[in-house]
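Asks: Coordinates only, no sequence provided:
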């Protein structure tokens, strides 16, 4: 019986250690804001404390490149910019995405910011194996699920799975 209790204590300590480690990493590692687009309101405070911006190239089929003043404002913030889907439609990368659509999104990103994206984050972190291959063949590195565990990720318009105030507390 003592061995069982001792084993349970060790397991509890290990779990507690890992939870504390994850919490510490979330406090010290850079933050990210998702759903950055001229068509979505984003709190200035959230944008200022985030290092990474996940930008939607064609939100509601409207190109970010159509709003050059917005593009310049985002560039002036000196953040790392990530391509966040092409259209940001629900589960867009679980369906049949084409290389032409991906390249079109990359081109609109380039027209806005002056360079092509290097990193891609799928909306809702949903991505089929076929689309992952397409993205990689187009030269994009994929950022997926694990990043959100160790970094605080906010959402413009506070529309994520968890509210921005909840993310801030974790």
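Replies: Yep, it's here. The model shown is predicted, which means the values in this text are computed figures rather than measured ones.
Asks: C-alpha from now on. contacts and neighbour counts both.
Replies: OK.
Asks: got a list of what the closest residue to residue 143 other than its chain neighbours touches?
Replies: Leaving aside its chain neighbours, residue 143 sits nearest to residue 121 (5.0 Å; criterion: CA to CA, 6 or more residues apart in numbering). Residue 121 makes contact with 54, 82-85, 142-144, according to CA atoms under 8 Å, 6 or more residues apart in numbering.
Asks: and of those residues, the nearest to residue 5?
Replies: Nearest to residue 5 among the contacts of residue 121 is residue 144, at 38.3 Å by CA to CA.
Asks: That closest one and residue 151: what is the separation?
Replies: 12 Å (CA to CA, to the nearest Å).
Asks: Comparing those two, which shows the higher neighbour count?
Replies: residue 151 (21 against 15; other CA atoms under 10 Å).
Asks: what's near enough to touch the more buried one?
Replies: The contact partners of residue 151, by CA under 8 Å, 6+ apart, come to 25-27, 29-32.
Asks: hmm, back to that, just the buried residues of the contacts of residue 121.
Replies: Among the contacts of residue 121, those classed as buried by 16 or more other CA atoms under 10 Å are 54, 82-85, 142-143.
Asks: Mind putting those into a markdown table with distance to residue 36 and pLDDT?
Replies: A markdown table is the format used below for the buried ones among the contacts of residue 121 (distance: CA to CA, whole Å; pLDDT from 0 to 100):
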| residue | distance to residue 36 | pLDDT |
| --- | --- | --- |
| 54 | 6 | 94 |
| 82 | 10 | 95 |
| 83 | 10 | 96 |
| 84 | 8 | 94 |
| 85 | 11 | 91 |
| 142 | 18 | 90 |
| 143 | 16 | 80 |
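Asks: lowest average confidence, helix or strand, in this protein?
Replies: Within the chain, judged by mean pLDDT, DSSP states H and E, the helix or strand with the poorest mean is helix 145-150; its value is a mean of 67.
Asks: Could you look up the next helix or strand downstream of that one?
Replies: Per DSSP states H and E, helix 145-150 leads on to strand 153-155 as the next helix or strand towards the C-terminus.
Asks: Which positions in that following strand come out as buried?
Replies: Counting neighbours by 16+ other CA under 10 Å, one finds that the buried residues in strand 153-155 are 153-155.
Asks: For residue 108, state which of these is nearest.
Replies: The closest of the buried residues of strand 153-155 to residue 108 turns out to be residue 155 (CA to CA; 21.5 Å).
Asks: Next, find the distance separating the closest one from residue 67.
Replies: Residue 155 sits at a distance of 21 Å from residue 67 (criterion: CA to CA).
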